[in-house]
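*Asks:* below are the sequence and a predicted model; questions follow.
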Amino acid sequence: MKPTFQAMWSNKDMMSDKVITNLEQVTTEWLTDVLSKTEALTQGAVAAFDVATGHGNWSTNARLIVHYTDEAEIGISWQKFTGKGVER
């Protein structure tokens, strides 16, 4: 039996100890690795991503709009979580 999406994210063996503290640290390779390890991306790779940033009184945030390679397949748990399919 495969673990649930929530269980995969809580599995410390699957996650890196490194915390992203700066947008420049996010790469297509890093996104592909993280999404593949959690089975959110079951085939293909991240081809590119766009960044939409925002600022609050005490915070800065970013939203990543991820674009995938043509052969990319998104895991069903990720589709249910995001409500979206693959954007190419």
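*Replies:* Sure thing, it's come through. Since this is a predicted model, take the numbers as computed values, not measurements. Residues are numbered from 1 along each chain as shown.
*Asks:* any stretches of this structure with poor pLDDT?
*Replies:* Residues of the chain that meet the criterion pLDDT under 70 lie in 1-17, 76-88.
*Asks:* from what I can see residue 47 touches residue 41, true?
*Replies:* No. With contact defined as Cβ atoms under 8 Å, residue 47 does not reach residue 41; the gap is 11.4 Å. To be clear about C-beta, it is placed using only N, CA and C from the backbone, and glycine gets the same treatment.
*Asks:* now list whatever residues contact both of the two.
*Replies:* Counting by Cβ atoms under 8 Å, 6 or more residues apart in numbering, the contacts common to residue 47 and residue 41 are 68, 72.
*Asks:* more crowded one of the two?
*Replies:* Regarding residue 47 and residue 41, a neighbour count based on other Cβ atoms under 10 Å identifies residue 41 as having more, with 24 against 15.
*Asks:* quick check: residue 40 vs residue 57, distance?
*Replies:* Per Cβ to Cβ, to the nearest Å, residue 40 is found 32 Å from residue 57.
*Asks:* between those two, who's got more neighbours?
*Replies:* residue 40 (20 against 4).
*Asks:* quick one: the more buried one and residue 68 touch, right?
*Replies:* No. Using Cβ under 8 Å as the test, residue 40 is too far from residue 68 to be in contact (11.0 Å).
*Asks:* what's the overlap in contacts for those two?
*Replies:* Counting by Cβ under 8 Å, 6+ apart, the shared contacts of residue 40 and residue 68 are residue 74.
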